[in-house]
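Engineer: Got a predicted structure here, sequence first:
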Amino acid sequence: MLQVATIRENKIKIIEQLAVRNFTDAENIINQVIEKDTSRRTTQTQLDDALSESNKLSKEIGKLFQAGEVQKANLIKEKTSQLKELTKTLTEELSVFENEVTDLLYQIPNIPNELVPAGNSEEDNETIFEGGTIPKLHNGALPHWELAKKYDIIDFELGNKITGAGFPVYKGKGAKLQRALIAYFLDKNSDAGYQEVQVPHLINEASGIGTGQLPDKEGQMYHIGIDNLYLIPTAEVPVTNLYRNVLLKESDFPILHTAYTPCFRREAGSYGAHVRGLNRLHQFDKVEIVRIEHPDKSYNSLNGMVNHVKKIIVELGLPYRILRLCGGDLGFTSALTYDFEVFSTAQNRWLEISSISNFESFQANRLKLRFKNKDGKSELAHTLNGSSLALPRVLATLLENFQTKNGIKIPDVLVKYTGFDIID
RNA sequence: GGAGAAAUGGCAGAGUGGUCGAAUGCACUGGUCUUGAAAACCAGCGAGGGUCACACCUCCGGGGGUUCGAAUCCCUCUUUCUCCGCCA
């Protein structure tokens, strides 16, 4: 969430920038924030004064008791009782104002970076780079869900029995290929300086709030009621939350992590033909990269992350494009996002396999993730993350694009991980 | 799951109702000394709100309570440790 101080100081500019994401209610909400925060501060000052007075009197009472002047002490006690009533009222008022301000802040999305193009939907995303070549497939080339059946490497029906739709079972070379991809991605990330971490797959409420999944997107996560925990929708949540309530030194930057985790998403209301096969699942694997950065360096790092992911996709030999998300498609917490899409030849469509974002201080503010700057003041750090990569659609595209009449060829870089070079 | 103990500043560790935001040591930062380093000595050294800056307020695991006054007493939650049980 945004900081009230930032909102106060840049009100006009923020309203303008939020218009890029079609957030039309911005002016109204921002005015309310400022108004409520002013009340909050006034109340805070009144409360502080009352407490100050009360503290003074209490100390006096202490001294009087020690001096044995009980009567005088009792006289002052009456005064403090009145003050106590006052502080109680003010404390309640203060907490109401604080909650009102927080609730308002929760409704305001991150301020889009200047590079974010205006737009309403994914149609308006800006393609900034295309690479690789789309292969010519032989006659009778199949979509990946047919290939999965033909070579018996992914079973979509079997998962129905265990859990339900959207929980596929990977088998034999399918399972091995997926494991190979995970290992390959992790190695690439480690080589680029990202420290590997293994994190919990269940998160508590505070973690969900820290990275912005709660309270806004509660319905997207699986919730375990008995323990009030959520299954992670992405490794971003546990990994970024490693730094919740942390005060860093400037020399700690940059912080780079990579993690492999399964991801669980309810995907409520998104069934249909376009989500066949591996295109959209309730459980899928992903390798994530996360960075904690100095504010001056975060956009540089964002570009570095994009280049890093690009290299991996190029090595795999997939046709791809990089999109800069428009205001309408930009996530609530992000200031600038680049999506990678690969071309799934048999389906004749682009599939998103990575999304790389700079959240600036939006998450850091909720996380209370700060660092001591050169002036010795605490300042919010910047957080970034990206997929490198989401497995199912990479798998789908590999299967489709590298199919031949004799089987599915494994990209050279993966062979040392799979131990085989063809699925037949 | 049962029984007991504990949670204090970056770390260790005092503090059991009244000038305690908190002794002391280590670590860290600056300085003196030194050719340089170490050692020694001097000084500084938690966070948030608030202020032009002070003042002032809040925070001793989280929440609630008792009291004029709570790190200190009570309730509750969480976590950690020890013992027992169970177990990959």
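Structural biologist: Good, I have the coordinates.
Engineer: Quick one: the helices in the stretch 1-150 of chain A, in order.
Structural biologist: A:4-9, A:11-19, A:26-67, A:70-106, A:144-150 (DSSP state H, counting those that start in this stretch).
Engineer: tell me the most buried of those helices?
Structural biologist: helix A:144-150 (a mean of 20; mean count of other CB atoms under 10 Å). Every C-beta, even on glycine, is put in place using the N, C-alpha and C of the backbone.
Engineer: Can you tell me which helices and strands that helix packs against?
Structural biologist: strand A:154-155, helix A:391-401 (3 or more CB pairs under 8 Å, 6 or more residues apart in numbering; DSSP states H and E).
Engineer: picking up where we left off before, least reliable of the helices of the stretch 1-150 of chain A going by mean pLDDT?
Structural biologist: By mean pLDDT, the lowest-scoring of the helices of the stretch 1-150 of chain A turns out to be helix A:70-106, with a mean of 86.
Engineer: Next, the angle from it to helix A:26-67.
Structural biologist: 160 degrees (axes from the mean of the first three to the mean of the last three CA atoms, to 10 degrees).
Engineer: Give the other helices and strands that helix A:70-106 contacts.
Structural biologist: Helix A:70-106 packs on helix A:26-67, going by 3+ CB pairs under 8 Å, 6+ apart.
Engineer: Could you give the separation of the helix it packs on from the chain centroid?
Structural biologist: Average the C-alpha atoms of helix A:26-67, do the same for its chain, and the two points are 36 Å apart (CA atoms, centre = their mean, to the nearest Å).
Engineer: Which residue would be the closest one in the stretch 301-424 of chain A to RNA strand B?
Structural biologist: A:Ser378 (2.7 Å; CB to the nearest atom of the strand).
Engineer: surely A:Gly331 meets A:Thr337?
Structural biologist: Yes - judged on CB atoms under 8 Å, A:Gly331 makes contact with A:Thr337 at a distance of 6.3 Å.
Engineer: Between those two, which contacts overlap?
Structural biologist: Common neighbours of A:Gly331 and A:Thr337, counting by CB atoms under 8 Å, 6 or more residues apart in numbering, are A:325, A:355, A:357.
Engineer: show me what contacts the nearest residue to the first one once chain neighbours are set aside?
Structural biologist: Closest residue to A:Leu325 in three dimensions, ignoring its sequence neighbours and counting by CB to CB, 6 or more residues apart in numbering: A:Thr337, at 4.4 Å. The neighbourhood of A:Thr337, defined by CB under 8 Å, 6+ apart, consists of A:324-325, A:330-331, A:355-358.
Engineer: a markdown table for the residues you listed, including pLDDT and distance to RNA strand B?
Structural biologist: Converted to a markdown table, the contacts of A:Thr337 look like this (pLDDT from 0 to 100; distance: CB to the nearest atom of the strand, whole Å):
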| residue | pLDDT | distance to RNA strand B |
| --- | --- | --- |
| A:Arg324 | 97 | 33 |
| A:Leu325 | 97 | 31 |
| A:Leu330 | 95 | 27 |
| A:Gly331 | 93 | 26 |
| A:Ser355 | 97 | 31 |
| A:Ile356 | 97 | 29 |
| A:Ser357 | 97 | 25 |
| A:Asn358 | 97 | 22 |
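Engineer: Helix or strand next in line after the helix or strand encompassing A:Leu186, which one?
Structural biologist: A:Leu186 is part of helix A:172-191, with elements assigned from DSSP states H and E. Next helix or strand after helix A:172-191 toward the C-terminus (DSSP H and E): strand A:195-196.
Engineer: Just the strands from the stretch 251-400 of chain A, written as ranges.
Structural biologist: Along the stretch 251-400 of chain A, counting by DSSP state E, counting those that start in this stretch, strands occupy A:255-264, A:283-293, A:320-324, A:336-344, A:349-358, A:369-372, A:378-380, A:382-390.
Engineer: any chance of these in JSON lines, plus distance to A:Leu2?
Structural biologist: Shown next, in JSON lines, are these (distance: least, CB to CB, whole Å):
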{"stretch": "strand A:255-264", "distance to A:Leu2": "23"}
{"stretch": "strand A:283-293", "distance to A:Leu2": "18"}
{"stretch": "strand A:320-324", "distance to A:Leu2": "22"}
{"stretch": "strand A:336-344", "distance to A:Leu2": "16"}
{"stretch": "strand A:349-358", "distance to A:Leu2": "15"}
{"stretch": "strand A:369-372", "distance to A:Leu2": "15"}
{"stretch": "strand A:378-380", "distance to A:Leu2": "11"}
{"stretch": "strand A:382-390", "distance to A:Leu2": "14"}
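Engineer: Of those strands, flag the one that's most buried.
Structural biologist: Among the strands of the stretch 251-400 of chain A - counting mean count of other CB under 10 Å - the highest mean neighbour count belongs to strand A:382-390, which has a mean of 26.
Engineer: who does it pair up with?
Structural biologist: strand A:283-293 (antiparallel), strand A:349-358 (antiparallel) (DSSP bridges).
Engineer: Contact partners for the residue nearest to A:Phe402 when sequence neighbours are not counted?
Structural biologist: Take A:Phe402 and drop its neighbours on the chain: the residue closest to it by CB to CB, 6+ apart is A:Lys409, 4.5 Å away. Neighbouring residues of A:Lys409 by CB under 8 Å, 6+ apart: A:402, A:421-422.
Engineer: Could you identify which of the residues you listed has the most neighbours?
Structural biologist: In terms of neighbour count, A:Phe402 stands highest of the contacts of A:Lys409 at 20 neighbours, by other CB atoms under 10 Å.
Engineer: Chain A against RNA strand B: which residues are in contact?
Structural biologist: Counting by CB under 7 Å from any atom of the strand, the residues of chain A lying close to RNA strand B are A:41, A:44-45, A:47-49, A:51-52, A:54-59, A:61-62, A:65-66, A:77, A:80-81, A:84, A:247, A:370, A:372, A:378.
Engineer: quick one: low-confidence parts of the stretch 151-300 of chain A?
Structural biologist: A:269-274 (pLDDT under 70).
Engineer: switch the cut-off to 90
Structural biologist: A:160-161, A:164-165, A:204-206, A:209-210, A:212-220, A:223-229, A:243-253, A:267-280 (pLDDT under 90).
Engineer: what about the closest residue to RNA strand B within it, distance to A:Phe253?
Structural biologist: With CB to the nearest atom of the strand as the measure, A:Leu247 is the residue of the stretch 151-300 of chain A nearest to RNA strand B, at 5.8 Å. For A:Leu247, the distance to A:Phe253 equals 13 Å [CB to CB, to the nearest Å].
Engineer: Provide a list of residues in contact with the residue of the stretch 301-424 of chain A closest to RNA strand B.
Structural biologist: A:247, A:370-372.
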